[in-house]
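> this one's structure only:
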């Protein structure tokens with residue numbers, strides 16, 4: 001009996017491989033790996049990501065990442081052009097098929113949900129009958145137009161799992177009734193307080209995240225709200241996106257800067273300790289995605305927990321996935337996706353009241369570990 005976690009993750013010691021991994025996915029996977037380790041099971045993490053460089057080639061890499069865990073990233077060859085890139089994509093699929101074909105009904109697989117691998121996991125789960133836990137962050141066909149074939153495979157793989165690690169309670173409506181699941185909104189770690197801050201008397205608000213307009217144009221919405229804030233506020237925009245997305249956002253910021261009394265700045269992409277210290281220099285974290293997008297029904301914005309972990313008050317658009325979450329009661333909300341409405345909600349946040357977001361996160365962290373242990377016991381006690 002073996003336990004495997006197949007996901008898109010690389011340890012800090014392997015960043016030189018430059019694997020294609022989203023920051024939010026990396027953080028969530030690292031958290032679940034830590035919880036698996038604390039539960040006490042022996043496990044193997046298999047990285048499904050490919051290198052983001054044309055010359056990224058290496059043999060299979062294996063090493064221990066903890067007392068209980070081993071990390072594996074499969075062999076990869078260089079991809080100097082698009083043709084080689086496509087060939088490698090199918091090569092990675094073959095590697096996954098070969099691995100799954102060797103599993104037994106007593107083995108357990110936890111898999112990060114992806115449109116690229118849904119068909120493979122579905123087919124081999126049915127064939128090899130291994131125990132299957134799906135880590136479901138969102139329903140991708142609600143976010144992107146993935147085509148009818150991929151959408152069908154997504155629905156099939158969701159119904160095939162024996163258990164689930166869901167990003168929101170709302171996702172429980174998407175899985176078969178009576179199947180066991182736990183809800184892990186994101187990383188429940190709280191960061192210790194740094195001696196960080198800006199040398200002024202302003203209230204600093206920060207939007208940190210994607211510039212992708214398919215994710216609700218959240219960065220642009222945060223920037224637009226700055227036009228209606230007084231001069232004692234400073235709105236910071238930092239995050240990531242394509243060059244075109246970044247260009248469009250900078251143009252939007254330039255337009256608002258000419259009108260705004262408050263300060264509005266683009267502060268680039270930050271990571272690690274620099275990112276943490278920057279967040280802790282602010283007082284309010286902004287989660288300003290469009291509320292009526294289909295994906296908001298089931299998708300929990302990871303930035304909410306990141307803000308809370310660093311002691312920030314959080315302003316979010318009012319959506320069920322956030323409001324009904326375990327941290328929903330300590331957030332602040334706005335209802336209409338209008339710059340003036342967002343600005344008004346920012347100004348209504350009581351900055352002088354006592355606030356301790358870290359306390360609730362510490363309890364959620366303990367609960368997560370207990371819940372994961374219980375889920376694995378339920379899955380492993382099922383008949384082969």
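Arrived safely. Predicted model, so just to flag it, every value in this text is computed and none were measured.

> Any figure for the gap between the closest residue to residue 264 other than its chain neighbours and residue 345?
Nearest residue to residue 264 in three dimensions, chain neighbours excluded: residue 226, at 4.1 Å (CB to CB, 6 or more residues apart in numbering). Where you see a C-beta, it was placed from the backbone N, CA and C, and this is true even at glycine. Using CB to CB, to the nearest Å, we find residue 226 at a distance of 13 Å from residue 345.

> These two - which one has more neighbours?
The neighbour count for residue 226 versus residue 345, taken as other CB atoms under 10 Å, is higher for residue 226 (27 against 22).

> these two touch, right, the more buried one and residue 258?
No: counting by CB atoms under 8 Å, residue 226 does not reach residue 258; the two are 11.3 Å apart.

> Against which helices or strands is the helix or strand hosting residue 133 packed?
Counting by DSSP states H and E, the element that carries residue 133 is strand 131-136. Applying 3 or more CB pairs under 8 Å, 6 or more residues apart in numbering; DSSP states H and E, we find strand 131-136 packed against strand 108-112, helix 118-128, helix 148-160, strand 163-166, helix 357-380.

> Can you list the neighbours in contact with it?
With CB atoms under 8 Å, 6 or more residues apart in numbering as the test, strand 131-136 has contacts from 7, 32, 105-113, 121, 125, 157-158, 160-167, 171, 174-175, 375-376, 379-380, 382.

> what's the spacing between residue 94 and residue 15?
From residue 94 to residue 15 the distance is 26 Å (CB to CB).

> Repeat that for residue 68.
23 Å.

> So if I had to pick from these two, which one is more boxed in?
Using other CB under 10 Å as the criterion, residue 68 and residue 15 rank with residue 68 on top: 17 against 10.

> What does the more buried one show for phi and psi?
The phi/psi pair for residue 68 (degrees, to the nearest 10) reads phi -110, psi -10.

> Can you check what pLDDT the model gives it?
Here, the pLDDT recorded for residue 68 equals 92.

> Contact partners for it?
36, 37, 40, 41, 42, 43.

> Nearest the geometric middle of this structure, what residue?
residue 24 (3.3 Å; CA atoms, centre = their mean).

> secondary structure class for it?
helix (DSSP: H, G, I helix; E, B strand; the rest coil).

> and it, what does it touch?
Residue 24 neighbours (CB under 8 Å, 6+ apart): 186, 302, 303.

> nearest to residue 203, of these?
Nearest to residue 203 among the contacts of residue 24: residue 303, at 18.6 Å, using CB to CB.

> Confirm that residue 71 sits in a helix.
No: judged by three-state DSSP, residue 71 forms no part of a helix; its state is strand.

> follow-up on the earlier one: what's the residue nearest to residue 264 sitting at in phi/psi?
phi -60, psi -30.

> what's near enough to touch it?
If you count contacts by CB under 8 Å, 6+ apart, then residue 226 has 233, 235, 256, 260, 262, 263, 264, 343 around it.

> in its sheet, what does the strand holding residue 133 sit against?
strand 108-112 (parallel), strand 163-166 (parallel) (DSSP bridges).

> Return the distance of that strand from the chain's centre.
In this view, strand 131-136 has its centroid 16 Å away from the chain centroid, taken as CA atoms, centre = their mean, to the nearest Å.

> by how many degrees do it and helix 118-128 diverge?
160 degrees (axes from the mean of the first three to the mean of the last three CA atoms, to 10 degrees).

> Let me see the contact set for residue 113.
Counting by CB under 8 Å, 6+ apart, residue 113 has contacts 134, 135, 136, 137, 140, 154, 157, 158.

> one more time with 10 Å
Contact analysis of residue 113 by CB atoms under 10 Å, 6 or more residues apart in numbering lists 7, 121, 134-140, 154, 157-158, 161, 164-165, 167.

> Kindly report the same for residue 242.
Contacts were defined as CB under 10 Å, 6+ apart; by that measure residue 242 touches 211, 212, 248.

> before we move on, the earlier item: quick check: the gap between the residue nearest to residue 264 and residue 91.
47 Å.

> for residue 210, same thing?
In terms of CB to CB, residue 210 sits 29 Å off from residue 91.

> So between those two, which is more surrounded?
residue 210 (20 against 17).

> Check what pLDDT the more buried one gets.
pLDDT, residue 210: 84.

> Pull the contacting residues for residue 159.
122, 134, 174, 175, 176, 179.

> closest to residue 191 among the residues you listed?
Taking the contacts of residue 159 together and measuring to residue 191 by CB to CB, the closest member is residue 134, at 29.3 Å.

> Quick check: pLDDT value at that closest one.
98.

> Now it: closest residue in space that isn't a chain neighbour?
Nearest non-adjacent residue to residue 134 (CB to CB, 6+ apart): residue 161, at 3.9 Å.

> related to what we said a few turns ago, pull out the buried members of the contacts of strand 131-136.
7, 32, 107-113, 121, 125, 157-158, 160-167, 171, 174-175, 375-376, 379 (16 or more other CB atoms under 10 Å).

> that older thread, same list, the contacts of residue 68, but as JSON lines with distance to residue 326 and neighbour count please.
As requested, the contacts of residue 68 are exported to JSON lines (distance: CB to CB, whole Å; neighbours: other CB atoms under 10 Å):
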{"residue": "36", "distance to residue 326": "20", "neighbour count": "23"}
{"residue": "37", "distance to residue 326": "22", "neighbour count": "16"}
{"residue": "40", "distance to residue 326": "24", "neighbour count": "11"}
{"residue": "41", "distance to residue 326": "24", "neighbour count": "17"}
{"residue": "42", "distance to residue 326": "29", "neighbour count": "14"}
{"residue": "43", "distance to residue 326": "25", "neighbour count": "22"}
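
> So which of those belong to strands?
residue 43 (DSSP state E).

> Show the model's pLDDT score for residue 298.
69.

> oh sorry, the question was meant for residue 167
91.

> doesn't residue 112 make contact with it?
No: the criterion here is CB atoms under 10 Å, and residue 167 misses it with residue 112 at 11.1 Å.

> Thank you kindly, that will do.
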